[in-house]
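S.K.: coords please:
(one chain, ligands or ions: 2)
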Amino acid sequence: VRPDLVLEAKAWVRGAFQDVEIGLDHEAGKILAIKRNLPGTPRTRFPGKLLVPSGVDLHVHLRDPGSPAKEDFRSGTLGAALGGVGTVLDMPNTDPVVDRLSRFEEKRDRVASKACVDWGLWSTFTPQTTRHLDLAMQSVGVKLYLAPTTGIPEAGTAQDLSQRLLFAAKADRLVALHAETPPTRPPATLVEHDASRPAQGEVAAIEAAARAAPADAAVHVCHATTAQAARAASKAGWSAGATPHHLLLANDATSLGAFAKVNPPLRPVAERDGLWHAFAGGEVPILESDHAPHTREEKGRPFTEAPAGVPGVETMLPLLLHEARTRGLDAGRVLEAACAAPGRLLGLPKGQIEPGYDADFFAYDPRAPRKLRGSDLQSRCGWTPFEGREAIVVAAHYLHGDLVVEGGRFVGRAGRGRMVRAQSPPKRRVPEGAA
Ligand code: DOR
Ligand code: ZN
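M.R.: Ligands and ions are numbered 1, 2, ... in the order given. Next up, the predicted model:
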């Protein structure tokens, strides 16, 4: 087969930036071949830019159905496209919660026509769930909450946890774990919020889940806030993710107040820097946005009443790629964590520029950052905790070989994003020396 489009670029291929020619099968939406020189026309060049795989963000809350003032599937996936994210996996704490098959199907049918990038849906188990296996098998995986949070009033008992981990393993589905101990008292500041859902509790929750899990459970520990939490996950043979906010913000962000309230909380500066260090050293395999928009009005309420969560899907890759550059970290570390590793974890042919993979990638100029403004972003919430920070700009973005962002503007169509099918997760890696 001859490529029907050839891209000439300095691209991130097999772990390094290389001058290559990438041939696409546009019909199939796939990468056909990568060589130093490839015949074929038409050809596109990206002078001064780097070409990198689209992000696979396994953790977003797009609020559809339920809270259109915060976000919907169209605005959320539009932000993803402009932020270099080509695939989003949406969490089940929508309104209503996706804890049964009928709700899964309703949500799927509702959001499909709004998707500007590829997408998949997580489900969750609650006391109301019936037919656990059918629900799990339809979804990309099962989110399990160990502490109450937005839309999840109760986390369930230890017994519920082992039962739910067993159901997910039986269904051969990945579990996304929200590991926290339930809060002790209502916090009034960021520092109190950190103390009320402490870092030690997060580690303890991961360890308890590791004890409760069947040996073949495949678990991803979401939003690890400290290096210790990431290590506890890895000790269990599980993956862990870090969010941009836990990597870049700390509980000293007093001027943000409740706008920086998230679950799990922002930690002290030293813990945050320790998490960055672990991330830079490859000890935190995955980067996930935990994009969780809330309206300004809600976030402006007294700290105790304000909901937890910050937006992030549109700013994750732009911020982290720029931050890596200014801190002397190889961009490849960010791309491995935001693209390749989540693609592998989910068993999707995504996140790498490689023959046979989906033709999802974006181009940016690492030397031309821009200041982030909440008012420039697509999210309905209209604000960002990263206001004024420098970030790279996604100049062009291709999804299955279709140009969806050109000159920094969305040129694709809602509904063109494809639903990703559920896959069997990689089996739990039992670490050496463990029973
Ligand atoms: O801060 C958070 N926001 N943590 C969660 O667990 C849920 C999320 C949301 O949906 O708002
Ligand atoms: Zn979340």
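
S.K.: mind listing what the residue of the chain found nearest ligand 1 touches?
M.R.: Nearest residue of the chain to ligand 1 (CB to the nearest ligand atom) works out as residue 309 at 3.0 Å. Using the backbone N, CA and C atoms, a C-beta is placed for each residue, glycine as well. Residues in contact with residue 309 (CB atoms under 8 Å, 6 or more residues apart in numbering) are 61, 150, 261, 262, 263, 290, 292, 293, 294.

S.K.: any idea how far it lies from residue 127?
M.R.: Separation of residue 309 from residue 127 (CB to CB, to the nearest Å): 24 Å.

S.K.: can you check residue 264 too?
M.R.: Distance of residue 264 to residue 127, computed by CB to CB: 24 Å.

S.K.: of those two, which one has the most company?
M.R.: Set residue 264 next to residue 127 and count neighbours by other CB atoms under 10 Å: residue 264 wins out with 29 against 8.

S.K.: between the contacts of residue 309, which has the most around it?
M.R.: For the contacts of residue 309, neighbours tallied by other CB under 10 Å; top is residue 293, 30 neighbours.

S.K.: where along the chain do the helices fall?
M.R.: Taking DSSP state H as the criterion, the chain contains helices spanning 73-82, 101-111, 132-138, 158-170, 190-196, 199-212, 227-235, 244-248, 269-280, 296-299, 316-327, 331-335, 341-345.

S.K.: my guess is residue 195 meets residue 187, correct?
M.R.: Yes: using CB atoms under 8 Å, residue 195 makes contact with residue 187 at a distance of 7.1 Å.

S.K.: up against ligand 1, what does the stretch 151-300 of the chain have?
M.R.: Within the stretch 151-300 of the chain, the positions near ligand 1 by CB under 6 Å from any ligand atom are 178, 262, 263, 292.

S.K.: looking at those residues, which is nearest residue 22?
M.R.: Closest approach to residue 22 among these (CB to CB): residue 292, at 34.8 Å.

S.K.: and the pLDDT at the closest residue to the closest one other than its chain neighbours?
M.R.: Nearest non-adjacent residue to residue 292, counting by CB to CB, 6 or more residues apart in numbering: residue 309, 2.8 Å away. pLDDT recorded at residue 309 is 98.

S.K.: phi and psi next, for residue 309.
M.R.: phi 140, psi 150 (degrees, to the nearest 10).

S.K.: residue 146 contacts residue 176, correct?
M.R.: No: in terms of CB under 8 Å, residue 146 does not count as a neighbour of residue 176; the distance is 11.6 Å.

S.K.: which of the two has more neighbours?
M.R.: Applying other CB under 10 Å to residue 146 and residue 176 shows that residue 176 carries more neighbours, namely 27 against 22.

S.K.: chain neighbours aside, what residue packs nearest to the more buried one?
M.R.: Per CB to CB, 6+ apart, closest to residue 176 is residue 143, 4.6 Å.

S.K.: residue ranges with poor pLDDT in the stretch 301-435 of the chain?
M.R.: Scanning the stretch 301-435 of the chain for pLDDT under 70 picks out 427-435.

S.K.: quick one: neighbours of residue 47, just the number.
M.R.: Neighbours of residue 47 (other CB under 10 Å): 9.

S.K.: and for residue 104?
M.R.: Residues contacting residue 104 under the criterion other CB under 10 Å number 20.

S.K.: OK, contacts around it?
M.R.: 98, 121, 123, 135, 138, 139.
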